[in-house]
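Chemist: Provide a 3D model corresponding to the input given below.
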Amino acid sequence: MSLNSSVSALGRPFQLGMLYDCRKDALIPGITLWDPEKLQQSLRTRPQINTDFKVTASDSIEDKSSLLNIDGSLKLSLLGGLVSVTGAAKYLNDTKKSFRQQRLTLHYHSTCRFEELTMSHLAPENIIHQLVFDNDTATHVVTAVLYGADACFVFDREVSSDENKNTVEGEVNAALDKLKFISVDVKISLKMNDAQKNAVQKFTCTFYGDFQLLSNPTNFEDALKVFTDLPKLLGEKKELAVPLRVWLYPLDKLHSRASKLQKDISMDLMLETESVIESLYTAEMKCSDLLEDSPAVAFAAFHDKILQMKQNCYKYKLRLVKKLGSLLPNIRGDVMKETALNELLQEHEESPFRRSELAEWLKERERESEIIKSVLRQLKDYGAQIVDNIDVILMDLEVGNLVSYTFISLNCSDVLLLHQTSYLSPSVEGETDEKIPDSKQKSWLTLPSNPTNFEDALKVFTDLPKLLGEKKELAVPLRVWLYPLDKLHSRASKLQKDISMDLILETESVVESLNTAEMRCRDLLKDSPASSFTAFHDTILQMKQNCYKYKLKLTKRLGSLLPNIRGDVMKETALNELLQEHEESPFRRSELAEWLKERERESEIIKSVLRQLKNAGAQVEVNIDLILMDLEVGNLVCFMFTSLNWSDMLLLQQKACLSPSAKGGNDESSPDRKQKSWLSPEIQKTMRSNLKMFKNLIDLNDSTSNMFIVSSREMKNNPGSCILLYERECDEAVCFIPPSPPACPVIEEVKENTVVVKVPPSCPDTVEIKLLYKPKQDSVWTSEPLMKDQDVVTLTDLRSGTEYEIKCAALGKLNYTTDSDVIEVTTEV
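Modeler: Just a heads-up that it's a prediction; the model follows:
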């Protein structure tokens, strides 16, 4: 870095005389070389009035950095996460989330004054705080500041896949033309023709600026109005201007003991690093686009594969940025050679995240997505619909044959994703991370009453600036700068070790998975199956409570580990062991996901059955005894869910894990480990049959005193479901069994007007048997009742030379009827 070099302020609170470390691109607040009085005596100010604006349609790192006048070295520090930005510079962190997002950026730049120190009055002998030169914290001092303000208006427009590209380009160009015709003196014509109005109304606006606005603009027209008022917002005397650019003077020119910037990083390596991070942003954006497409929306397997790639790229990017952030100060301070950065980039090129691998993978997924989309479009045109849960359809009695076009390879194992997962797994090597999870903090604002709806929230939002007080005396600290005590004295405690990014991300992922499980349980508890049946409700509630208890236990252990690891009392492997212990527990992500998937499947199927039963006229009842005491109720017929109290292996294991005892859940009475749900295919088949039978009973009912209900009770001998019949005046319920279909009648003799038929014996569940007959061309059957033990029937008064159809009908309880197959016979002429 050359003598008297300058850097962009990027919203950082620079002041004259402040120290700066160019190795980390970090300012050192609170420590100066000279007393404030001496600084004020050596201050020289002159006006430097300039206003400019630019419009760009690019969102690349290079173009955004150029827009804010950021040089290569500072840009590299930004990419390495060394610099936190505020104000207009926050625009740098706003990257497009999708390639379907059209973006225009209007940048306003205004300067007003230039302040500098007269170095001739600040000779080395006048330096008061000599300790600065010995503690190796800073390399430069701020000797000049250019004040003013920046503002970035970011206009975004989402483009749907069915929009005409030429139309979109035309609208974007119309908006771009309107922005380009803004004059330098900021006199803007807000008048627009119809084409321009139609174009700009589809753009949203996000504002990043060094100005305090009463309300941020959200659309194109509001943004232009705000743009015209920007010069006024700096104050009459420009007292609200902020540092835009600062000039730095090397400390080693003031004293030989001072630290100095030993080496800049070559431009080639800067550009290559920028290119690597840009490629990861691009991959994430392409994944976002794929996730919005119909194949990913329709099929969870395809969606999860794309999401996994997006998450992998994000995790790897954080890891890469962290490594970069630790390398840069060491290279600039000549502690490490520049080859260390070269090796990091080479390591990237050999990783499963190199540009060529990502580009090829994404190209294949985009090709697959387009093909699946084409197939789906054609299938929908022919009347097919996409369904995720086939089991629910199979329980619908109105569905006959179900024909499914099934994509069978969306779950195929992906080699690159496997390589990435392996690559991202926690290594033994320690990597540092300065991030500490934010604690949940209550609002510092005192409101008359907390808003409870959207309208109240908007009203409160508009009043927030007033709540800081007229002189902002109610403001609270938002960010603090810390100075290490061991730089002041060798006996001071120091932070020995940060925790690696991999472990931080994995810990975050573990806690997130527990939060997700609790949320999914909460959703299940609100659904009709849990609301209707206590047993199902209690199973879900138990899982929710277990996850909550385990999360508290885990966070408590985590809270005790972190200070010891950071203070080097314990090794980082202790956290690794805690995470490994979690992966071997019944609370690991895969176990929770599989369990919840099964309960959600059960809930959907129970919901489908309940819907059909309610539509048929049945109602859910919990207290059957109360109904049985009602004298107006005759027979009570109950569709009973019999396995909702199913003993759950995972819940038993979780209970053992949470209990003080060492182990549990392994006794002989425990349920089968392999059985994940009581709702097996066989039980589903039986449940569908019972559902059909129950609806038939409702249709056959001819008594207003009979009552049909739905309930739940554990009945191990009838897994899944059964139909219970409480007959009037009977103390015990019986499981309703329909009569078996009778055998076909046998023709004994045929004459001109009579037919003698032998009727086979009936099953024990048959209350009555009838013989039904009709001429083949007719639709109405004639019934011939049989006396008890009668096995031969003579049908008389038949038409000669006529073909007849004959069958047996077995009547069970509640008039439930099953028929035999039909036989045909022709009377003699």
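
Chemist: number of nearby residues for the closest residue to residue 320 other than its chain neighbours?
Modeler: In space, and not counting its chain neighbours, residue 320 is closest to residue 348: 6.8 Å by Cβ to Cβ, 6 or more residues apart in numbering. C-beta: built from backbone N, CA, C; applies to glycine. Using other Cβ atoms under 10 Å, the number of residues around residue 348 comes to 20.

Chemist: Show the pLDDT at residue 348.
Modeler: On the pLDDT scale, residue 348 is placed at 96.

Chemist: After the helix or strand hosting it, which helix or strand is next? Please name it.
Modeler: Applying DSSP states H and E as the criterion places residue 348 in helix 339-349. For helix 339-349, the succeeding helix or strand toward the C-terminus, using DSSP H and E, is helix 355-381.

Chemist: Return the set of buried residues in the following helix or strand past that following helix.
Modeler: Sequence order places helix 390-394 as the next helix or strand after helix 355-381, per DSSP H and E. If you call a residue buried by 16 or more other Cβ atoms under 10 Å, then helix 390-394 has these buried ones: residue 392.

Chemist: who touches helix 390-394?
Modeler: For helix 390-394, contacts defined as Cβ atoms under 8 Å, 6 or more residues apart in numbering pick out 387, 399, 402, 404, 601, 604-605, 607-608, 684, 688.

Chemist: Repeat that for stretch 510-530.
Modeler: 531, 536-537, 540-541, 543-544, 547-548, 550-551, 554-555, 579, 582, 587, 589, 592-593, 596, 599-600, 602-603, 606-607, 610.

Chemist: Just to be sure, which of those are found in helices?
Modeler: If you go by DSSP state H, these have 531, 536-537, 540-541, 543-544, 547-548, 550-551, 554-555, 579, 582, 589, 592-593, 596, 599-600, 602-603, 606-607, 610 in helices.

Chemist: backbone phi and psi for the residue most central in space within the chain, please?
Modeler: In the chain, the residue lying closest to the centroid (Cα atoms, centre = their mean) is residue 516, at 9.0 Å. The phi and psi values for residue 516, taken as degrees, to the nearest 10, are phi -60, psi -40.

Chemist: mind checking how far it is from residue 556?
Modeler: Counting by Cβ to Cβ, to the nearest Å, the separation of residue 516 from residue 556 is 20 Å.

Chemist: now swap in residue 743 and tell me
Modeler: To residue 556, residue 743 is 71 Å away according to Cβ to Cβ.

Chemist: Compare these two and say which is more crowded by neighbours.
Modeler: Taking other Cβ under 10 Å, residue 743 and residue 556 do not tie; residue 743 has more neighbours (14 against 10).

Chemist: and that one, helix, strand or coil?
Modeler: Put simply, residue 743 is coil when judged by DSSP: H, G, I helix; E, B strand; the rest coil.

Chemist: Contacts only, for it.
Modeler: Contacts of residue 743 by Cβ under 8 Å, 6+ apart are 760, 808, 820.

Chemist: Scan the helices and strands of this protein for the one with the lowest mean pLDDT.
Modeler: helix 165-180 (a mean of 68; mean pLDDT, DSSP states H and E).

Chemist: What is the subsequent helix or strand relative to that one?
Modeler: Next along from helix 165-180, by DSSP H and E: helix 194-200.

Chemist: Keeping just the C-alphas, turn that following helix into PDB.
Modeler: What follows is helix 194-200, C-alpha atoms only, in PDB (Å, rounded to 0.1, in the frame of the first residue of the first chain):
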ATOM      1  CA  ASP A 194     -48.400   4.800 -20.400                       C
ATOM      2  CA  ALA A 195     -45.700   2.500 -21.600                       C
ATOM      3  CA  GLN A 196     -43.300   3.700 -18.900                       C
ATOM      4  CA  LYS A 197     -45.900   3.500 -16.200                       C
ATOM      5  CA  ASN A 198     -46.800  -0.100 -17.200                       C
ATOM      6  CA  ALA A 199     -43.100  -1.000 -17.200                       C
ATOM      7  CA  VAL A 200     -42.100   0.500 -13.900                       C
END
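
Chemist: Of the ones in helices among the contacts of stretch 510-530, select the buried ones using a ChimeraX command.
Modeler: Buried residues within the ones in helices among the contacts of stretch 510-530, by 16+ other Cβ under 10 Å, are selected in ChimeraX with:
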select :536,537,540,541,543,544,547,550,551,554,579,582,589,592,596,599,602,603,606,607,610
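
Chemist: re the thing from before, are any of the contacts of helix 390-394 buried, and which?
Modeler: Counted by 16+ other Cβ under 10 Å, those give 601, 604-605, 607-608, 684, 688 as buried.

Chemist: Tabulate those residues (CSV), appending pLDDT and distance to residue 314.
Modeler: Putting these into CSV (pLDDT from 0 to 100; distance: Cβ to Cβ, whole Å) gives the following:
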residue, pLDDT, distance to residue 314
601, 92, 30
604, 93, 32
605, 93, 36
607, 93, 36
608, 93, 38
684, 91, 40
688, 93, 44
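
Chemist: What does the pLDDT read for residue 129?
Modeler: Residue 129 is assigned 66 on the pLDDT scale.

Chemist: repeat for the one 10 residues further on
Modeler: The predicted structure scores residue 139 at 86 on the pLDDT scale.

Chemist: do residue 232 as well
Modeler: 88.

Chemist: How about the contacts made by residue 217?
Modeler: Neighbour list for residue 217: 153, 205, 207, 223, 225-226 [criterion: Cβ under 8 Å, 6+ apart].

Chemist: SS state for it?
Modeler: Secondary structure of residue 217, reduced to three states by three-state DSSP: coil.

Chemist: ok, and the closest non-adjacent residue to it?
Modeler: residue 223 (4.1 Å).

Chemist: and the helix or strand containing that neighbour, what other elements does it pack with?
Modeler: Using DSSP H and E, residue 223 sits in helix 220-229. Here helix 220-229 touches strand 101-117, strand 140-158, strand 204-209, going by 3 or more Cβ pairs under 8 Å, 6 or more residues apart in numbering; DSSP states H and E.

Chemist: re earlier: which entries within the contacts of residue 217 meet the buried criterion?
Modeler: The buried subset of the contacts of residue 217 - by 16+ other Cβ under 10 Å - is 153, 205, 207, 223, 226.

Chemist: Show me which of those residues is closest to residue 826.
Modeler: residue 205 (86.5 Å; Cβ to Cβ).

Chemist: Show me the beta-bridge partners of that closest one.
Modeler: Under DSSP bridges, the beta-bridge partners of residue 205 are residue 155.

Chemist: right, and it touches residue 154 too?
Modeler: Yes - Residue 205 lies in contact with residue 154 (Cβ atoms under 8 Å); the separation is 6.9 Å.
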